[in-house]
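Participant: Everything below, folded, please.
(one chain, ligands or ions: 2)
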Amino acid sequence: FNDVAKEAQGMTMAGHYEARGANEHAHSKEPPCAVCPRNGVCVPHVQCPAHVRPGSSNPQCHLEGTRHVGVCCSTGRRHAGESDRKFRSSVHVDDMKTAHKQSREQLVEWLERADTLKDKHYAAINSSDPSYWHHLSVRTYDSRAQMLGRGALLNMFAAQELKARDAITAEEIELGFTEHTDGPFCPPKLLCPQEPSRYRSIGGGCNNQNNPDWGATNTGFERLLPPDYSDGIWAMRTSRSGLPLPSARAVSNALLLDVNHPSSTHNVMFMQFGQFIVRDISIGQVFALGDGNGISCCSGDGRILPKEFQHWACAPIVLDPGDIFYGQFGKQCINFVRTQLAPRSDCSLGYAKQMNGASHYLDMSHLYGNSEEKIVKLRAPGGVLSVFNDFGRDLPPLTKRKECLNMYEGTACFESGDNHGNQIISLTVLHTIWTREHNRIARALSKINPRWDEDKVFFESRRIMQAEYQHIIYNEWLPLLLGPRIMEIYGLLPSSGFSTLYHPGVDPSLTAEFSSAAMRFGHSTVDGQLKVVSPKHGGIYESISIPEVMFQPSRLRLKPFLDRMLIGMSWQPMQSVDPFITESLSRYMFHGGNPFGLDLAAINIQRGRDYGVRSYNEYRKLIGIEPLADFHQFAPNAAKRLSSVYVNPEDIDLWVGGLLEEPVEGGVIGPTFANIIADQFARLKNGDRYFYEFGTNINPGAFTPSQLAEIKKVTLSRIICHNSDGIELFEQSPNAFLRSDLPRNEPVRCDNPAIPAVDLSRFKEI
Ligand code: HEM
Ligand SMILES: [Ca+2]
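Facilitator: Ligands and ions are numbered 1, 2, ... in the order given. Now for the predicted structure:
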């Protein structure tokens, strides 16, 4: 193992290629090198898809209010858009009619095919299989999502048919066939109140006045670049040579080893909060059988099912019979089901877009739910969230919904807004303390505002919660991820008072590249062991192998567990972001008692291909750095391993290439991921009318200046101090995301002014 570790360590590269994007140096020319022409906006490179198209000439310019350069862009921050010119449809009416007819027939055929497979018992996942819990992590709960998903299939078939008939060009498909609003399926329009509500809607709709569906639950992921589907519409990417890409497992095997490389600064809480954020904004939902059960693409004995027995949504990951790990179990197949599609809200046709089952906004939908029906189930009388009172300690409510591995007497499985809060116990810990924070705020508000009814108490508490949470993300978490330079370029840091950065033209939707690749950097930060620390017992009380606490959160019922876990998360380093992944995720994830589990690294790679994410080099160009011409521009070890699986540097998957980069200054991820993630959080701020920092001219639920000043005092450490059990946790480091053994971050008592509290008396209605 030592040799592997040593060799693998050589894969992290110091300065093997320029780690700084073109937008990361200060521009010295005065006055600005270019004043953008009419309709041009100066944006960071990643926000201008047009600048990487052949023949484009986008002059450099100064990014407003900073010393950094960007490019003049005619697309003005529109995802994947080419220009403001919209394509006029020239499709002949007969072609369109035929496409509609064909697409209906094809949908019927596909649904019948799925039913036949189900009846013959080929297609359903067995509940003892590791992929059963994968399915639970990514399944669709919502009948509306299913209805929209079918509609999206109809539109996808119609686009395929038009393409086959040469009735539309590849370019029209690639850039969005925007003016043609004649798809066979049109999603129902969102109904918004005449007067904007003081509170965010539950599912994220009605936020943008001109585009009420932007960011709403069950709408599509947008994209930074047009997709790379081999048929232009939905078929998975192939290599530059036209041959299939290497198996995702082969790439994971060759490149993504398990090497212990703890961060010298960031702790497990930083990792865990990252996943907590993800669950709020991104839930890719895979296709399921009509009865909601998971689709199996592998046979019971671990082989790939013959094509004729595969469900159409299958894209199983092929394992080599000699696979270093799975080979010993005779496994040649990892189950993989493609993500559901979403129809465009204007009924237009184009390439397939994946569906996001979460409201895209940072609105804590993982706590409150993504639909009215869900929030009703989660509430309790008095404006509070429902809890399970376990001998005096409030935990999230128990659920009987099948979600946990063991659901017999005495074990616990908890409810959450996103239905997936039990995925790992440290995530359930965060759900617990934020549920308690809602209830703490609600009780304080009803006390100072005795005339408020329970709805008012509930929604005011939710509004404050969302603001606290957003402040923690932008003020504490993102700076430690992205470093100061990128924070400045994208205007991400909170301002001293109200912010004016709202722009109604900014689409907040998550990008496919963010969700299927860049934000999955977090999987490299996961440690295979969780350390539970007890001051009372003088140190580490328990070291838990993480597969043992995935969908098994029962330990939370042990009285001192929550406090000990929180202390451990603060003290234990996270793993660094690098091409190393713990085997707990790459071999044993969701093993549920089997000697093998799933390979999350391979699943990530396959998911990128499922979403049509282009190759790594294309995103280097997009962020303004040189593409790799040769594998040897990476360190020798990485180059050797890359060339053992990929034929051409142009084939490298985005998630893999991104993990191989050196981190940006002051951050923990490389420039490609950093720019993709910064762009996303900029959209989630500039495109969210209800963002906590916006004043009354923008935000219908704006805070008063003094309330906003109070909100800005909050830190995650304060939330932890308020809502832990006070059984063993009495102290907390001021910065909850940095290791508690770092100088100047030593734990202080919870009443120390270094962890200031929000004065809720400012929320008394006068
Ligand atoms: C703690 C242990 C974790 C486990 C067991 C886990 C597991 C998973 C699984 C099973 C998926 C679905 C994969 C697929 O089918 O495509 C997923 C998706 C994802 N994970 Fe993790 N994850 C963990 C931590 C993290 C962290 C720390 C981050 C980021 C900081 C992260 C970011 C993501 C993202 C962005 C997605 C895509 C979400 C979507 O749109 O569906 N995960 N993870
Ligand atoms: Ca959300």
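Participant: Check which element follows the worst-scoring helix or strand of the chain on mean pLDDT along the chain.
Facilitator: Lowest on mean pLDDT, DSSP states H and E among the helices and strands of the chain sits helix 2-9, with a mean of 42. The helix or strand immediately downstream of helix 2-9 is strand 41-43, counting by DSSP states H and E.
Participant: Not counting its own residues, what contacts that following strand?
Facilitator: Applying Cβ atoms under 8 Å, 6 or more residues apart in numbering, the contact partners of strand 41-43 are 36, 61, 62, 63, 64, 70, 71, 72, 73, 76, 77. To be clear about C-beta, it is placed using only N, CA and C from the backbone, and glycine gets the same treatment.
Participant: Apart from its neighbours in sequence, what residue is nearest residue 92?
Facilitator: residue 167 (6.6 Å; Cβ to Cβ, 6 or more residues apart in numbering).
Participant: got the contact list for the one you found?
Facilitator: 91, 92, 95, 96, 99.
Participant: residues near the closest residue in space to residue 380 that isn't next to it in sequence, how many?
Facilitator: Once flanking residues are discounted, residue 380 sits nearest to residue 386: 4.0 Å by Cβ to Cβ, 6+ apart. Counted by other Cβ atoms under 10 Å, the residues lying close to residue 386 total 16.
Participant: ok, now which ones touch residue 476?
Facilitator: 715, 716, 735, 736, 737.
Participant: Kindly indicate the member of those with the most neighbours.
Facilitator: Counting neighbours by other Cβ under 10 Å, residue 737 comes out on top of the contacts of residue 476 with 28 neighbours.
Participant: My understanding was that that residue contacts residue 268; is that so?
Facilitator: No - using Cβ atoms under 8 Å, residue 737 makes no contact with residue 268, being 9.7 Å away.
Participant: Which pLDDT value belongs to the closest residue to residue 621 other than its chain neighbours?
Facilitator: Distances taken as Cβ to Cβ, 6+ apart place residue 52 nearest to residue 621, at 4.7 Å, with adjacent residues excluded. What the model reports as pLDDT for residue 52 is 89.
Participant: measure residue 52 to ligand 2 for me?
Facilitator: Per Cβ to the ion, to the nearest Å, residue 52 is found 30 Å from ligand 2.
Participant: show me what contacts that residue?
Facilitator: 225, 618, 621, 622.
Participant: again with residue 677
Facilitator: Taking Cβ under 8 Å, 6+ apart, one finds 481, 482, 514, 518, 519, 521, 669 in contact with residue 677.
Participant: How many residues are close by the last one?
Facilitator: If you count neighbours by other Cβ under 10 Å, residue 669 ends up with 27.
Participant: Pretty sure it sits against residue 521.
Facilitator: Yes - counting by Cβ under 8 Å, residue 521 is a contact partner of residue 669 at 5.1 Å.
Participant: hey, what's in contact with both of those two?
Facilitator: With Cβ under 8 Å, 6+ apart, residue 669 and residue 521 have common neighbours 577, 658, 677.
Participant: Export the residues you listed as TSV, with columns for distance to ligand 1 and pLDDT.
Facilitator: Shown next, in TSV, are the shared contacts of residue 669 and residue 521 (distance: Cβ to the nearest ligand atom, whole Å; pLDDT from 0 to 100):
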residue	distance to ligand 1	pLDDT
577	9	95
658	12	96
677	10	98
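Participant: Just those: which are in helices?
Facilitator: Among the shared contacts of residue 669 and residue 521, the ones falling in helices (DSSP state H) are 658, 677.
Participant: Nearest to residue 491 among the shared contacts of residue 669 and residue 521?
Facilitator: residue 677 (14.4 Å; Cβ to Cβ).
Participant: For that closest one, give its distance to residue 110.
Facilitator: 36 Å (Cβ to Cβ, to the nearest Å).
Participant: ditto for residue 432
Facilitator: Distance of residue 432 to residue 110, computed by Cβ to Cβ: 42 Å.
Participant: Who has more neighbours out of those two?
Facilitator: Neighbours were counted for residue 432 and for residue 110 using other Cβ under 10 Å; residue 432 has more, 26 against 16.
Participant: Next one, pLDDT for that one please.
Facilitator: Predicted confidence (pLDDT) for residue 432: 98.
Participant: pretty sure it contacts residue 393?
Facilitator: No - applying Cβ under 8 Å as the test, residue 432 and residue 393 come out as separate, 9.0 Å apart.
Participant: Show me the common contact partners of these two, please.
Facilitator: In contact with both residue 432 and residue 393: residue 562, using Cβ under 8 Å, 6+ apart.
Participant: what does the stretch 251-400 of the chain have sitting close to ligand 1?
Facilitator: Applying Cβ under 6 Å from any ligand atom, we find that the stretch 251-400 of the chain lies next to ligand 1 at 271, 274, 275, 278, 282, 283, 284.
Participant: ditto for the chain
Facilitator: Going by Cβ under 6 Å from any ligand atom, the residues of the chain near ligand 1 are 134, 137-138, 271, 274-275, 278, 282-284, 423-424, 515, 519-520, 522-523, 525-526, 550, 589, 600, 603, 607.
Participant: Looking at the stretch 601-750 of the chain, which residue is nearest ligand 2?
Facilitator: Going by Cβ to the ion, ligand 2 is nearest to residue 684 of the stretch 601-750 of the chain, at 9.3 Å.
Participant: so who does that residue touch?
Facilitator: So residue 684 contacts 281, 360, 361, 362, 508, 691 (Cβ under 8 Å, 6+ apart).
Participant: list the contacts for the fourth one?
Facilitator: Spelled out, it's residue 362. Going by Cβ under 8 Å, 6+ apart, residue 362 touches 277, 280, 281, 466, 469, 470, 473, 684, 688.
Participant: Okay, now the unreliable bits of this protein?
Facilitator: 1-34, 81-89, 121-122, 140-141, 175-181 (pLDDT under 70).
Participant: Could I get the buried residue list for stretch 43-60?
Facilitator: 43-52, 58-60 (16 or more other Cβ atoms under 10 Å).
Participant: what about residue 236, which helix or strand?
Facilitator: Residue 236 is part of no helix or strand when elements are defined by DSSP H and E.
Participant: wait, doesn't residue 543 sit right on residue 530?
Facilitator: Yes - shown here, residue 543 and residue 530 form a contact pair, counting by Cβ under 8 Å, at 7.3 Å.
Participant: Between these two, point out the one with more neighbours.
Facilitator: Higher neighbour count among residue 543 and residue 530: residue 530, with 24 against 13, using other Cβ under 10 Å.
Participant: which residue packs closest to the more buried one, ignoring adjacent ones?
Facilitator: Nearest non-adjacent residue to residue 530, counting by Cβ to Cβ, 6+ apart: residue 544, 4.7 Å away.
Participant: List the buried residues for the helix or strand the one you found falls within?
Facilitator: Per DSSP H and E, residue 544 falls inside strand 539-545. By neighbour count on 16+ other Cβ under 10 Å, the buried set for strand 539-545 is 541, 542, 544.
Participant: With stretch 478-495 instead?
Facilitator: 478-483, 485-492, 494.
Participant: export it as CSV, just CAs?
Facilitator: In CSV, the C-alpha atoms belonging to stretch 478-495 read as follows (Å, rounded to 0.1, in the frame of the first residue of the first chain):
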residue,chain,number,x,y,z
LEU,A,478,-17.4,30.2,0.2
PRO,A,479,-14.4,32.3,1.1
LEU,A,480,-12.7,29.2,2.4
LEU,A,481,-13.6,27.3,-0.7
LEU,A,482,-12.7,29.9,-3.4
GLY,A,483,-10.1,32.2,-1.9
PRO,A,484,-10.3,36.1,-1.9
ARG,A,485,-9.5,36.7,-5.5
ILE,A,486,-12.4,34.7,-6.9
MET,A,487,-14.7,36.1,-4.2
GLU,A,488,-13.9,39.6,-5.4
ILE,A,489,-14.2,38.9,-9.1
TYR,A,490,-17.7,37.4,-8.7
GLY,A,491,-18.8,39.9,-6.0
LEU,A,492,-19.7,37.2,-3.6
LEU,A,493,-18.7,38.7,-0.3
PRO,A,494,-21.5,40.3,1.8
SER,A,495,-21.5,44.1,1.6
